[in-house]
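Chemist: For reference, the sequence and a predicted model appear below.
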Amino acid sequence: MSGQLELLPVLDSDMGTLEALTQDPETTGEFQWFGWHDLRRWRRGWTENGLIGPDGGTLMVVRDDQRLGLVNWRRRQITPAASCWEIGVIMRPGARGRGDGTQAHRLHARYLFAHTTAHRIEAGTEVGNIAEQRALEKVGFTREGVMRQTGWRAGAWRDGVLYSLLRTDPH
């Protein structure tokens, strides 16, 4: 690892990486493979708004011009007057287990708090995804609890864990 990790806007040339990170079972990893779906969604979103809009977005995780993964966020309405960001990260297999996912989450939270008025960021993961849970906790996310059978993957309902980070939490 030489250069600094960065979050950068998606380029047209990143479409293949986005598709591999979400559509290729070998690349997505155990906890991100949900089967094939809408193979053109990245291209449509990029054509429409560069994958950054008022209700969410996607950025590439980059080091030294190497695409290591993606971070994304979407607005989740909590009450008629309040919403929060729900975030996610997917890293390429070679970028896992090195702390890059943790750093991507840290940069992502800083970005959202610096450039939006959001007070709350949420992240969910499967109960079995211990690496993701550790990454979120290292960044300062608080584990709020287990959500029973909230996700369908690989032919079974899976329990999830909900984490949150508030603007007022120590970072």
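Modeler: Thanks, I have the structure now.

Chemist: Could I get the average pLDDT for the longest helix that the chain contains?
Modeler: When the chain is parsed with DSSP state H, its longest helix is helix 100-115. When pLDDT is averaged over helix 100-115, the result is 97.

Chemist: got the contact list for it?
Modeler: 5-7, 59, 61, 63, 68-69, 71, 73, 85, 87, 89, 91, 95, 118, 121, 123, 131-132, 134-136, 138-141, 165, 167, 171 (C-beta atoms under 8 Å, 6 or more residues apart in numbering). Every C-beta, even on glycine, is put in place using the N, C-alpha and C of the backbone.

Chemist: For PyMOL, write the selection for the buried entries among those.
Modeler: A single PyMOL command selects the buried members of the contacts of helix 100-115 (16 or more other C-beta atoms under 10 Å):
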select buried, resi 5+6+7+59+61+63+68+69+71+73+85+87+89+91+95+118+121+123+131+132+135+136+139+141+165
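
Chemist: In strands only, show me the contacts of helix 100-115.
Modeler: Here DSSP state E is the test, and these give 6-7, 59, 61, 63, 68-69, 71, 73, 85, 87, 89, 91, 121, 123, 165 as lying in strands.

Chemist: after the helix or strand of the chain at the bottom of the mean pLDDT ranking comes which helix or strand?
Modeler: Least confident helix or strand of the chain, by mean pLDDT, DSSP states H and E, is helix 25-28 with a mean of 88. Next helix or strand after helix 25-28 toward the C-terminus (DSSP states H and E): helix 41-49.

Chemist: What about the closest residue to Leu51 other than its chain neighbours, how many residues nearby?
Modeler: In space, Leu51 comes closest to Thr58 once its chain neighbours are excluded; the distance is 4.3 Å by C-beta to C-beta, 6 or more residues apart in numbering. Look at Thr58: counted by other C-beta atoms under 10 Å, it has 24 neighbours.
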